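Chemist: Got a predicted structure here, sequence first:
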Amino acid sequence: MMKRVIGMAMMMAMLGWMGCAEKVAVPASESEEAEPEVVEASVTAPAELQVAEVACGSCIYKMDGVSGCKTAIKIGDAHYMLAGETIDAHSTGLCKSAKAVKVAGDVADGTFVATKLELTPAL
């Protein structure tokens, strides 16, 4: 047993030592220098948050085709299944009552894809 422990410790030390080696990029030839890659950064405005209502699509909203407890969102008079950044229906009590959220995102293929989601105080 002791030999295994010592052997494993030596292997881990060797892997750690090998992983710490500095890696140096070498150009294809000494006379030819590689040009650095230029990457353009795009700056987008932060998504605007809107207040909406979330609840269980099955228990509260009674949505057709929804089996089991899944989080859905109500925007205006329409209900959408929630995708992207979401919250668990059971652990947040969404099967018992709806809750207010601040949300950013868009509707795509009949589903609301949230990019940001924050629970707010009760409705």
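Modeler: Perfect, I can see it now. Numbers count the residues shown, from 1 in each chain.
Chemist: For the rest of this, base every contact and every neighbour count on C-alpha atoms.
Modeler: Will do.
Chemist: How many residues are close by residue 111?
Modeler: The number of residues packed near residue 111 is 16, by other CA atoms under 10 Å.
Chemist: Near residue 121, how many other residues are there?
Modeler: Residue 121 is flanked by 7 other residues according to other CA under 10 Å.
Chemist: typo on my end, residue 120
Modeler: Close neighbours of residue 120, defined as other CA under 10 Å, add up to 13.
Chemist: so who does it touch?
Modeler: With contacts defined as CA atoms under 8 Å, 6 or more residues apart in numbering, the neighbours of residue 120 are 99, 100, 101, 102.
Chemist: cool, and residue 57?
Modeler: Counting by CA under 8 Å, 6+ apart, residue 57 makes contact with 63, 66, 69, 70, 71, 72, 73, 81.
Chemist: Let me have the residues you listed in TSV, extended by distance to residue 110, pLDDT and neighbour count.
Modeler: Shown next, in TSV, are the contacts of residue 57 (distance: CA to CA, whole Å; pLDDT from 0 to 100; neighbours: other CA atoms under 10 Å):
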residue	distance to residue 110	pLDDT	neighbour count
63	13	93	15
66	13	89	15
69	18	89	17
70	15	92	20
71	14	94	24
72	11	94	28
73	11	94	27
81	8	94	21
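Chemist: circling back to that earlier point, check the contacts of residue 120 for burial and list the buried ones.
Modeler: Among the contacts of residue 120, the ones that count as buried by 16 or more other CA atoms under 10 Å are 99, 100, 101, 102.
Chemist: For residue 51, state which of the residues you listed is nearest.
Modeler: Set against residue 51, the nearest of the buried ones among the contacts of residue 120 by CA to CA is residue 102 (4.5 Å).
Chemist: Before we move on, what's the pLDDT of that closest one?
Modeler: Per-residue confidence (pLDDT) for residue 102: 92.
Chemist: do you know how far it is from residue 85?
Modeler: According to CA to CA, to the nearest Å, residue 102 stands 12 Å off from residue 85.
Chemist: picking that back up, in helices, which of the contacts of residue 120 appear?
Modeler: Using DSSP state H, no member of these falls within helices.
Chemist: Strands of the chain, residue ranges please.
Modeler: Listed in chain order, the strands of the chain (DSSP state E) span 50-56, 71-75, 78-84, 99-108, 111-119.
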